[in-house]
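*Asks:* Build the 3D model from these lines:
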Amino acid sequence: MAKHGKKYLAALAKVDVEKVYPAREAVALAKETSITKFDATVEVHMRTTLDSRQNDQQLRDVVVLPHGLGKKVRVLVFAQGEGAVAARAAGADMVADDDESLKKLEGGALDYDVAIATPDAMGKVGRLGRVLGPRGLMPNPKAGTVVPAQDMERAIKEAKAGRVEFRLDKSNNIHVSIGKASFDADKLYDNYVALLDAINKARPSGAKGNFVKRITVTTTMGPGVKADPNEHIEGVG
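*Replies:* So this is what the prediction gives:
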């Protein structure tokens, strides 16, 4: 445990905790200060001024990261008929189209990263809301995870390529993974910019000024690095 503490402190010594770094520097420094033996995930944490209880301040959307997430994304699909056939052809890891598969999921067999459904399967999905919801696996039209059968192939390919959902949590903050510490710093920066561009496009009508107040980039168990929130988030006067 002491050894881990030394590694963390050595990494922390490279970061000026009072400084707000330009985004490219912040991302590179977070990568440099990763301390785990495994390939750590690079995370972006944003503190916002939004209030998700207000209808005009909701923020939820998706972004396809140009360089993916650096991990195998397991996709669960709820569909029947044509949608189920399309899902299997597109490489879904599991297609829940009968009672047996639904019972397995209800029992907790939920080792998946993304869940996609066709509209005609949403009745079955509703049965599983109490197990899917807490794991962030509830298909949602706003997140692009409820799609017609003809769009199933595209939805699965995007999910496996690095399609990431972002949304406000209960504290009105946003937490998103943008890749692995083993990624080239330029690729991580590209993913970071793509995420912030998507957040700009999803800006709620009730957002005032620079609605993202603080951005921290970090790796699993690594120190946090502050990034300039004004650099890629557009303010409204």
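
*Asks:* can you map out the strands along the protein?
*Replies:* Using DSSP state E, the strands of the chain run over 41-48, 60-64, 75-78, 94-96, 114-117, 163-167, 173-180, 212-219, 225-227.

*Asks:* Just send those back as CSV, with mean neighbour count too.
*Replies:* All C-beta spots, glycine's among them, are computed from the backbone N, C-alpha and C. As requested, the strands of the chain are exported to CSV (neighbours: other CB atoms under 10 Å):
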stretch, mean neighbour count
strand 41-48, 21
strand 60-64, 17
strand 75-78, 27
strand 94-96, 23
strand 114-117, 27
strand 163-167, 20
strand 173-180, 21
strand 212-219, 20
strand 225-227, 24
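
*Asks:* got the buried residues for stretch 137-147?
*Replies:* 137, 138, 139, 143, 144, 145, 146, 147 (16 or more other CB atoms under 10 Å).

*Asks:* where's the third one relative to residue 117, distance?
*Replies:* For residue 139, the distance to residue 117 (CB to CB, to the nearest Å) stands at 4 Å.

*Asks:* and for these two, which residues touch both?
*Replies:* Here residue 139 and residue 117 have 78, 125, 145, 146 as joint contacts, going by CB atoms under 8 Å, 6 or more residues apart in numbering.

*Asks:* Distance-wise, check the closest residue in space to the third one that isn't next to it in sequence relative to residue 177.
*Replies:* Read it as residue 145. Of all residues not flanking residue 145 in the chain, residue 139 sits nearest, at 4.2 Å (CB to CB, 6 or more residues apart in numbering). Distance of residue 139 to residue 177, computed by CB to CB: 20 Å.

*Asks:* again, but for residue 60
*Replies:* Distance from residue 60 to residue 177, by CB to CB: 16 Å.

*Asks:* Check residue 142 too.
*Replies:* For residue 142 relative to residue 177 (CB to CB), the value is 20 Å.

*Asks:* repeat for residue 49
*Replies:* Residue 49 is 23 Å from residue 177, by CB to CB.

*Asks:* what about residue 20, neighbour count?
*Replies:* 15 (other CB atoms under 10 Å).

*Asks:* low pLDDT regions in the protein?
*Replies:* For the chain, residues meeting the criterion pLDDT under 70 lie at 1-4, 234-237.

*Asks:* Let's see that with 50 instead.
*Replies:* Low-confidence segments of the chain, defined by pLDDT under 50: 1-3, 236-237.

*Asks:* so where do the helices sit in it?
*Replies:* Per DSSP state H, the chain carries helices over the ranges 2-12, 23-32, 82-89, 99-106, 122-127, 129-132, 152-161, 185-201.
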